[in-house]
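*Asks:* Pasting a predicted model and its sequence here:
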Amino acid sequence: ETGVTQSPTHLIKTRGQQVTLRCSSQSGHNTVSWYQQALGQGPQFIFQYYREEENGRGNFPPRFSGLQFPNYSSELNVNALELDDSALYLCASSSVDRGNSPLHFGNGTRLTVT
Amino acid sequence: GIQVEQSPPDLILQEGANSTLRCNFSDSVNNLQWFHQNPWGQLINLFYIPSGTKQNGLSATTVATERYSLLYISSSQTTDSGVYFCAVGTSGSRLTFGEGTQLTVNP
């Protein structure tokens, strides 16, 4: 069983730039969600995708957007980067077809905005 | 939204010691997971409640009616060091995380 994989592992961007982070879901999972983890804090829910549509969003501005592809992989896009966007971005997959099911997380992408 | 509180925030153990971590949540939930985050940031599933409550020196119990969960660490090892998170949810994959317990196990 292939786990959740994320790329890249590290990224450095300049304030105002745009960034795209990628995630491949665990095999057999059809739902992907993204979380932001600032240093010293717990992860915070950004949004969830199911059947290629956003299906739930946390308290994040519209410059955070995403995509889910037919193979259930996903992208997180952040426009107009701000210094406070520096964080570990975690992708998680699960299977809603089995009702509530545990989330499985990737190793994350560490984004630094300078 | 749901509030999640974890205690203690920091814990230092001598290898071989036992301890209990607590997670309180403010509303009814139908999904609760415990995670271990290692120093490299990897978030590892420990338990998904309602299924799975014991593995490798760890066990968990949840009292949903009183809105808390406990994670028991027995015979701690240095490899148990890291941050332990409790996360709860009511639907889908939207989890609310606590602030975590930073555990250090000294040899």
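*Replies:* Perfect, I can see it now.
*Asks:* From residue A:95, how far out is the nearest residue to residue A:6 once chain neighbours are set aside?
*Replies:* Residue nearest to residue A:6 in three dimensions, not counting chain neighbours: residue A:106, with 3.9 Å by Cβ to Cβ, 6 or more residues apart in numbering or on different chains. Where C-beta positions appear, they are placed from N, C-alpha and C, glycine not excepted. Relative to residue A:95, residue A:106 is positioned 16 Å away (criterion: Cβ to Cβ, to the nearest Å).
*Asks:* Would you mind telling me which of these two has the busier surroundings?
*Replies:* When residue A:106 and residue A:95 are compared for neighbours, residue A:106 comes out ahead with 24 against 18, by other Cβ atoms under 10 Å in any protein chain shown.
*Asks:* Contacts only, for the more buried one.
*Replies:* Contact analysis of residue A:106 by Cβ atoms under 8 Å, 6 or more residues apart in numbering or on different chains lists A:3, A:4, A:5, A:6, A:23, A:90, A:91, A:92.
*Asks:* Quick check: residues of chain A near chain B?
*Replies:* Counting by Cβ under 8 Å from any Cβ of the partner chain, the positions of chain A adjacent to chain B are A:31-33, A:37, A:41-45, A:48, A:50, A:55-56, A:58, A:88, A:90, A:92, A:94, A:96, A:100-105, A:107-108, A:110.
*Asks:* try 6 Å this time
*Replies:* Of all the residues in chain A, those in contact range of chain B (Cβ under 6 Å from any Cβ of the partner chain) are A:31, A:33, A:42-43, A:45, A:48, A:56, A:88, A:94, A:100, A:102-103, A:105, A:107-108.
*Asks:* of the residues you listed, buried ones?
*Replies:* Burial of the residues of chain A next to chain B was assessed by neighbour count (16 or more other Cβ atoms under 10 Å in any protein chain shown); the buried members are A:31, A:33, A:42-43, A:45, A:48, A:56, A:88, A:94, A:100, A:102-103, A:105, A:107-108.
*Asks:* Of those, which belong to strands?
*Replies:* A:31, A:33, A:45, A:48, A:56, A:88, A:94, A:105 (DSSP state E).
*Asks:* Could you dump these into TSV with distance to residue A:73 and pLDDT added?
*Replies:* Compiled in TSV, those are given as follows (distance: Cβ to Cβ, whole Å; pLDDT from 0 to 100):
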residue	distance to residue A:73	pLDDT
A:31	12	90
A:33	13	95
A:45	19	96
A:48	15	94
A:56	19	90
A:88	20	97
A:94	14	88
A:105	15	94
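*Asks:* Residue B:68 is in contact with residue B:21, isn't it?
*Replies:* No - the criterion here is Cβ atoms under 6 Å, and residue B:68 misses it with residue B:21 at 10.9 Å.
*Asks:* ok, these two, which is more surrounded?
*Replies:* Using other Cβ under 10 Å as the criterion, residue B:68 and residue B:21 rank with residue B:21 on top: 23 against 16.
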